[in-house]
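Engineer: Could you look at this predicted model? Sequence included:
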Amino acid sequence: MKQGTAIIIGAGPAGLTAAIELQRQSGIKPILIEASHEIGGISRTVRYKGNRMDIGGHRFFSKSDRVMRWWLNMMPVEAATGQAGQLRYQGQQRDLPEATAAPDPMTEDLVMLVRQRKSRIYFLRRFFDYPISLKAATFINLGVVRTVRCGFSYMRSALLPQREEKSLEDFIINRFGKQLYLTFFKSYTEKVWGVPCNEISAEWGAQRIKGLSLKGVVAHFLRKTFGPKPSGDIAQKQTETSLIEKFLYPKFGPGQLWEHAADLVRAAGGEIHFGIQINRINVDGKKIASIEGVNEGGERVTFAGDYFFSTMPVRDLVRAISSTCRGNVPVEVVEVSEGLMYRDFITVGLLASRLAVKEKDGSPLKDNWIYIQEPDVVVGRLQIFNNWSPFLVGAPDKVWIGLEYFCNDTDDLWKLSDEQMSAFAIAEIAKIGILKAEDVEDSHVVRVPKTYPAYFGSYDRFDVIRNYLDGFENLFLVGRNGMHKYNNQDHSMLTAMTAVENIVNGVTTKDNIWAINTEMEYHEEKAAK
């Protein structure tokens with residue numbers, strides 16, 4: 001059995017998964033170094049006056065059986081969730097506990113809820129299904145002229161597609177047509193990234209929306225309308241990720257699962273250190289020897305180890321290596337690294353007595369997310385935390401929502417005070433008619449830097465960095481920022497699992513780590529071995 005010490009930078013999903021897998025599969029002791037005082041990275045849960053916020057929204061769904069098993073071993077599913085008490089995915093069947101013995105979320109905390117997915121687009125002050133569905137309401141909301149234009153535009157793209165998809169704009173137009181792209185994709189996407197879609201790599205689409213297309217939407221509509229009824233398959237292996245209609249969710253948000261994971265790491269002898277900013281990486285030939293950082297008291301601390309996992313932003317990692325290598329880092333690596341770009345994120349939580357809009361039957365909105373396509377406001381997306389889990393809301397008669405803003409840390413928006421940011425958000429959401437300003441009772445602002453690694457800037461030369469960093473035998477880049485890949489939570493976990501298995505099995509190549517999320521099935525068969 002492999003022995004030694006692993007130093008893990010970051011206590012998010014990738015870092016914690018690596019720690020637990022090391023403890024399960026080897027005698028290697030994990031030591032996690034976290035810059036903040038929070039567990040879970042961007043998958044953490046923020047607490048505020050009895051309410052909880054999910055930063056960015058995290059559906060617990062994966063096409064990887066291994067990840068699904070991992071989650072369910074951490075937190076069992078609530079009682080009476082599947083038909084005949086069974087959970088099915090990828091041709092496999094798992095018996096769920098009897099309803100009387102299964103966790104009841106009203107009395108148990110460590111439990112996964114089964115939640116209904118509903119996301120819509122808000123455009124023209126009206127709601128459209130997301131992804132776009134073939135319903136009468138869609139065509140009515142669009143109007144005859146827009147509907148006809150969208151139809152002809154799609155046929156044109158289907159018959160004469162852009163042969164070489166150089167940009168995200170090309171990628172989406174090829175799958176939906178130019179008119180649908182302009183109507184439902186362009187404004188929101190450019191809010192997220194702050195640059196035109198024709199300047200964003202098509203790889204972003206391959207990472208995030210993969211096989212989704214108008215053709216896929218039509219096929220889904222036909223299967224749902226004329227096919228056999230669902231069998232309680234929570235994992236929904238045959239459903240494109242963006243079309244999932246059910247997902248698992250921890251009772252108190254994603255951070256609850258990762259806080260539980262951290263407890264398990266410490267119980268098994270691992271360490272987690274908080275409030276340390278890593279700024280030096282000490283190199284010994286083709287290996288990392290140690291890392292250094294500064295704690296909140298201004299003291300310099302050093303951690304030596306046999307293996308090193310990094311989930312810190314790649315640009316910061318290269319800077320940390322450069323600070324100790326005295327110019328030995330190739331000039332091109334530094335140049336590409338400094339050209340990497342990130343998008344920062346602000347969530348404004350608003351506690352309100354009610355929303356100004358309701359479902360057609362007069363009941364409260366059922367959405368998890370609402371994508372704000374309106375071009376006259378800056379807000380990009382709206383979460384209704386009540387619909388992720390009712391346990392995220394302190395008072396059941398209140399509505400707890402999160403307004404999501406995408407910006408750069410150099411923007412004026414980022415520099416607003418919390419009071420100014422809250423006032424700005426309230427004015428915007430009132431402007432588009434979602435709620436009335438006088439119904440807002442409280443607010444909370446959370447800023448998250450480097451949330452989204454960007455697929456522009458020097459990203460097209462990223463292989464220069466990858467080849468250099470992969471040259472360090474005992475360094476493993478995992479997770480979203482660690483690999484500068486717009487990975488979902490499950491992809492980040494799989495990169496960590498694969499890295500650990502490489503160590504345990506003596507595999508020196510790191511190609512299998514980088515291959516995660518480059519194909520629709522996440523290389524799940526390879527990852528499970």
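Structural biologist: That came through fine.

Engineer: tell me the contacts of residue 261?
Structural biologist: By CB atoms under 8 Å, 6 or more residues apart in numbering, residue 261 lies in contact with 16, 17, 19, 20, 39, 74. C-beta coordinates here come from the backbone N, C-alpha and C atoms, glycine included.

Engineer: Make sure I have this right: it is in a strand.
Structural biologist: No: per DSSP: H, G, I helix; E, B strand; the rest coil, residue 261 lies outside any strand segment and is helix.

Engineer: on that earlier part again, which of the contacts of residue 261 has the largest number of neighbours?
Structural biologist: residue 16 (32 neighbours; other CB atoms under 10 Å).

Engineer: In space, what's closest to that one - neighbours in sequence excluded?
Structural biologist: residue 261 (4.6 Å; CB to CB, 6 or more residues apart in numbering).

Engineer: And that neighbour, how far from residue 310?
Structural biologist: 19 Å (CB to CB, to the nearest Å).

Engineer: And residue 419, by the same measure?
Structural biologist: 37 Å.

Engineer: And those two? Which one has more around it.
Structural biologist: residue 310 (29 against 10).

Engineer: so is residue 157 in a helix, a strand, or just coil?
Structural biologist: Assignment for residue 157 (three-state DSSP): helix.

Engineer: My read is that it contacts residue 179, right?
Structural biologist: No: with contact defined as CB atoms under 8 Å, residue 157 and residue 179 do not form a contacting pair (9.5 Å).

Engineer: Would you agree residue 449 falls within a strand?
Structural biologist: Yes: with three-state DSSP as the criterion, residue 449 is located in a strand.

Engineer: Please name the nearest non-neighbouring residue to it.
Structural biologist: Among residues not flanking residue 449 along the chain, residue 344 sits closest, at 5.0 Å (CB to CB, 6+ apart).

Engineer: show me the contacts for that neighbour.
Structural biologist: 406, 407, 408, 409, 414, 447, 448, 449, 450, 451, 452.

Engineer: now with 6 Å?
Structural biologist: 407, 408, 409, 449 (CB atoms under 6 Å, 6 or more residues apart in numbering).

Engineer: Could you give the average pLDDT over the helix or strand containing it?
Structural biologist: Per DSSP states H and E: residue 344 is located in strand 342-352. Mean per-residue pLDDT for strand 342-352: 96.

Engineer: go on, stretch 155-174?
Structural biologist: On average, stretch 155-174 scores 83.

Engineer: Could you give me the buried positions within that stretch?
Structural biologist: 157, 165, 167, 168, 169, 170, 171, 172, 173, 174 (16 or more other CB atoms under 10 Å).

Engineer: any idea how far the residue nearest to residue 16 lies from residue 13?
Structural biologist: On the measure of CB to CB, residue 261 and residue 13 end up 9 Å apart.

Engineer: now swap in residue 396 and tell me
Structural biologist: Distance from residue 396 to residue 13, by CB to CB: 30 Å.

Engineer: And the two? Which one has more around it.
Structural biologist: residue 13 (31 against 8).

Engineer: Show the contacting residues for the more buried one.
Structural biologist: 43, 489, 492, 493.

Engineer: What is the burial count for the last one?
Structural biologist: Burial of residue 493, expressed as a neighbour count using other CB under 10 Å, amounts to 29.

Engineer: and it, what does it touch?
Structural biologist: Counting by CB under 6 Å, 6+ apart, residue 493 has contacts 13, 17, 67.

Engineer: per-residue pLDDT, the last one?
Structural biologist: Looking back up the chat, that one is residue 67. Confidence score, pLDDT, at residue 67: 92.

Engineer: With residue 236 instead?
Structural biologist: Per the predicted model, pLDDT is 56 at residue 236.

Engineer: quick one: low-confidence parts of the stretch 401-529 of the chain?
Structural biologist: Within the stretch 401-529 of the chain, the ranges that satisfy pLDDT under 70 run 518-529.

Engineer: for it, what spans make up the helices?
Structural biologist: Here the stretch 401-529 of the chain has its helices, by DSSP state H, counting those that start in this stretch, at 412-415, 418-431, 462-470, 480-483, 489-505, 511-514, 524-528.

Engineer: Point out the most buried one among those helices.
Structural biologist: helix 480-483 (a mean of 27; mean count of other CB atoms under 10 Å).

Engineer: who's in contact with that helix?
Structural biologist: 310, 311, 313, 453, 477, 487, 492.

Engineer: isn't the third one right up against residue 449?
Structural biologist: By that I understand residue 313. No: with contacts counted by CB atoms under 6 Å, residue 313 stays clear of residue 449, the gap being 8.9 Å.

Engineer: if you count what's nearby, which of those two comes out ahead?
Structural biologist: residue 313 (20 against 12).

Engineer: Tell me how far that one lies from residue 14.
Structural biologist: From residue 313 to residue 14 the distance is 13 Å (CB to CB).

Engineer: residues near residue 66, how many?
Structural biologist: 18.

Engineer: Secondary structure of it: a strand, I assume?
Structural biologist: No: assessed with three-state DSSP, residue 66 is helix; it does not lie in a strand.

Engineer: which ones are touching residue 110?
Structural biologist: Applying CB under 6 Å, 6+ apart, the residues contacting residue 110 are residue 75.

Engineer: if I've got this straight, it is in a strand?
Structural biologist: No: the assignment for residue 110, made by three-state DSSP, is coil rather than a strand.

Engineer: and it, what pLDDT?
Structural biologist: At residue 110, pLDDT is 94.

Engineer: likewise the one 10 residues further on?
Structural biologist: Among the per-residue scores, residue 120 shows a pLDDT of 92.
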